[in-house]
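S.K.: How does the following fold in three dimensions:
(one chain, ligands or ions: 1)
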Amino acid sequence: MKDFEKNIRKVTPYVPGEQPQSRVVKLNTNENPYPPAPGVCRAMEDLGAHGDMLRLYPDPTSDKLVTALAQYYHVGKDQVFVGVGSDDVLSMCFLTFFNSPKPIFFPDITYSFYKVWADLYRIPYECKPLDENFRIVKEDYYGENGGVIFPNPNAPTSVYEELDFVEDIISHNQDVVVIVDEAYIDFAGKSALSLLEKYDNLIITQTFSKARSMAGMRIGYAIGSPLLIRYLNDAKYSFNSYTMTQASLKCGVEAVKDKEYFEETVNKIVETRKWAVREFSRLGFCFPKPSGNFIFVSHPDYDAKDIFQALRENGIYVRFWDSGRIRQYLRVTIGTREEMETLFAFLERFMRR
Ligand code: PMP
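M.R.: Just a heads-up that it's a prediction; the model follows:
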C-alpha cells in the first residue's frame, strides 16, 4: 500500500441492482411499473419551457415540498426533512443520530445499505438474526445499544409487522434514536406516523421512489420531532445546502397533490401482487406473506441461482444475492400484469424442461 493510501477512508460499497439500458422485463429494483402522476410530467415540461429556473440555485429549505408533505401527513413543517432519495436521508440520519460507542442494532437480513453506512461512518453495529420465518425477533432489540433501525415492511423479505410490534421496539429504546424505514409502507399497512406524538426519539423515513413512481427523480423524506429534524438540518447544511434540484422540488409537490392517482396506482400493484401470490403458489414456490411491491420467493426443487440466470438470459431481471441464508431466494418486484404474465409463462416453460 502506498503511504498516501494509509489514511484514505476505505469502505466496501453498497452494490445497487443492475440497471440494464436495453428493453427488458425489469423486476429487479422495486421500481413502480406505472408512470408518475400526470401533474409531475406536466411540471417537467414546464421546467423545460422555463429553462431560466435552472440558472438559479434551488430553495435550500425546500419549503414548498416540505409544506406539501407536512400538510399531507398532518404534521408541522418543522417535522419534515427532505433529501435525495431516502438513501440520502438515511445516510444523514446515520451520520447525525448514531454517534454512541455502543453498537446500533438492525436485522441480519435487511436493506444492505445499513451496514455500508455504519462502516463508512465508523458506527459499531450488531445484526440481530430474523427467525426462521424471516420475522424480526423484537426481544433482541431490548438490550443496550447506540440506536435502532429496521425497515417496515422489511427488505428483501417483504414482511410487515403490525404497529403494536413496532411500538414495542420503540418503547424499549427511548434513550436512543429509533429509525423506521418505511420505503414500502404504502403497499403494506399502518405507518408508524401515529406514534410520533408519543415518542420524540422516533424518525420515520419514506420515499417517492416506490409508490409515487419517481425513483429517477430521487426524493426521500424523514418525519420526526422538531428537535430531531433540527439536528438533521444542521448536519445537512454542514454537508451540502442544495440537495434538492428545482425539478425535484417542483415535481415532488405535484406528486403529493394527486392523492387519487397515488391510491389508484398503489391499488393496481396490490391487486397484481395478490394474483402473483396465487401464481407463485401454483408453481410450487414458497415465500413469506408479501407486503411491499415485491415478493421474496424460493423453490424447493430448483436452485435460485439457476432460475435467476435463466430468467436473465431471457430478458427478465429479478434480484438475487449469492449469500448466506438468502442464497435460495429471489426478490421479484411486482410489475404490470403483462410483465408478470411474461415472468410466469417463462417459469412454467423452465420448470417443464
Ligand atoms: N430503504 C429500503 C428498505 C429500500 O429498499 C430502498 C430502495 N433501495 C431505500 C430505502 C432507498 O430508496 P430511495 O433512495 O430510492 O428512496
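S.K.: contacts and neighbour counts: CA atoms only from here.
M.R.: OK.
S.K.: Close to the ligand: what parts of the chain are there?
M.R.: G85, S86, D87, Y111, P151, A155, D181, A183, T207, S209, A215, G220 (CA under 6 Å from any ligand atom).
S.K.: Could you pull up phi and psi at K128?
M.R.: Torsion angles at K128 (phi, psi; degrees, to the nearest 10) stand at phi -100, psi 120.
S.K.: What about the residues of the chain next to the ligand, which are in helices?
M.R.: G85, S86, D87 (DSSP state H).
S.K.: The second one - how many residues pack around it?
M.R.: When you say that, I think you mean S86. Residues within reach of S86, counting by other CA atoms under 10 Å, total 23.
S.K.: Hmm, I219 and it touching each other?
M.R.: Yes. With contacts counted by CA atoms under 8 Å, S86 reaches I219, the gap being 6.8 Å.
S.K.: any common contacting residues for those two?
M.R.: Common contacts of S86 and I219 (CA atoms under 8 Å, 6 or more residues apart in numbering): T207.
S.K.: before we move on, back to that, among the residues of the chain next to the ligand, list the two that are farthest apart in space.
M.R.: Greatest spacing in those, by CA to CA: P151 and A215 (17.9 Å).
S.K.: more crowded one of these two?
M.R.: For P151 versus A215, neighbours defined as other CA under 10 Å are more numerous around P151 (25 against 19).
S.K.: isn't the more buried one right next to I185, touching?
M.R.: No. Under the criterion of CA under 8 Å, P151 is not in contact with I185, lying 9.1 Å apart.
S.K.: and R230, what pLDDT?
M.R.: pLDDT for R230: 98.
S.K.: same check, this time on P151
M.R.: Here, the pLDDT recorded for P151 equals 98.
S.K.: got the contact list for it?
M.R.: T110, Y111, V180, D181, E182, A183.
S.K.: For burial, what's the neighbour tally of the fifth one?
M.R.: Using other CA under 10 Å, the number of residues around E182 comes to 23.
S.K.: gap between it and S171?
M.R.: 18 Å (CA to CA, to the nearest Å).
S.K.: Spell out the residue ranges of the helices in the stretch 201-350 of the chain.
M.R.: 226-237, 246-257, 259-282, 304-313, 337-352 (DSSP state H, counting those that start in this stretch).
S.K.: Comparing those, which comes out most buried?
M.R.: Across the helices of the stretch 201-350 of the chain, averaging neighbours per residue (mean count of other CA atoms under 10 Å) puts helix 246-257 on top, at a mean of 21.
S.K.: Packing partners of it?
M.R.: helix 38-49, helix 63-73 (3 or more CA pairs under 8 Å, 6 or more residues apart in numbering; DSSP states H and E).
S.K.: What helices and strands are in contact with the last one?
M.R.: Here helix 63-73 is seen to pack against strand 80-83, helix 246-257 when contacts are counted using 3+ CA pairs under 8 Å, 6+ apart.
S.K.: Would you indicate which residues of it are buried?
M.R.: L65, V66, T67, A68, L69, A70 (16 or more other CA atoms under 10 Å).
S.K.: out of everything not next to it in sequence, what's closest to the first one?
M.R.: Meaning L65. Once flanking residues are discounted, L65 sits nearest to V253: 5.3 Å by CA to CA, 6 or more residues apart in numbering.
S.K.: likewise the fourth one?
M.R.: With sequence-adjacent residues excluded and distances taken as CA to CA, 6+ apart, A68 is closest to V253, at 6.1 Å.
S.K.: show me the contacts for the one you found.
M.R.: V253 touches K64, L65, A68, counting by CA under 8 Å, 6+ apart.
S.K.: what residues are up against the second one?
M.R.: Same thing as L65. Applying CA under 8 Å, 6+ apart, the residues near L65 are L249, K250, G252, V253.
S.K.: Over to the first one?
M.R.: K64 makes contact with L249, V253, according to CA under 8 Å, 6+ apart.
S.K.: Least reliable of the helices and strands packed on helix 246-257 by average pLDDT, please.
M.R.: Of all those, helix 38-49 has the smallest average pLDDT, which comes to a mean of 92.
S.K.: buried ones in it?
M.R.: Buried residues in helix 38-49, counted by 16+ other CA under 10 Å: G39, V40, A43, L47.
S.K.: Tell me how many other residues crowd Q79.
M.R.: 20.
S.K.: again, but for the one 10 residues further on
M.R.: With neighbours defined by other CA under 10 Å, the count for V89 comes to 23.
S.K.: What is the helix or strand containing it packed up against?
M.R.: Here V89, judged by DSSP states H and E, is contained in helix 85-97. Counting contacts by 3+ CA pairs under 8 Å, 6+ apart, helix 85-97 packs against strand 80-83, helix 113-120, strand 202-207, strand 220-224, helix 226-237.
S.K.: what is the orientation angle of it with helix 113-120?
M.R.: Comparing the axes of helix 85-97 and helix 113-120 via axes from the mean of the first three to the mean of the last three CA atoms, to 10 degrees yields an angle of 40 degrees.
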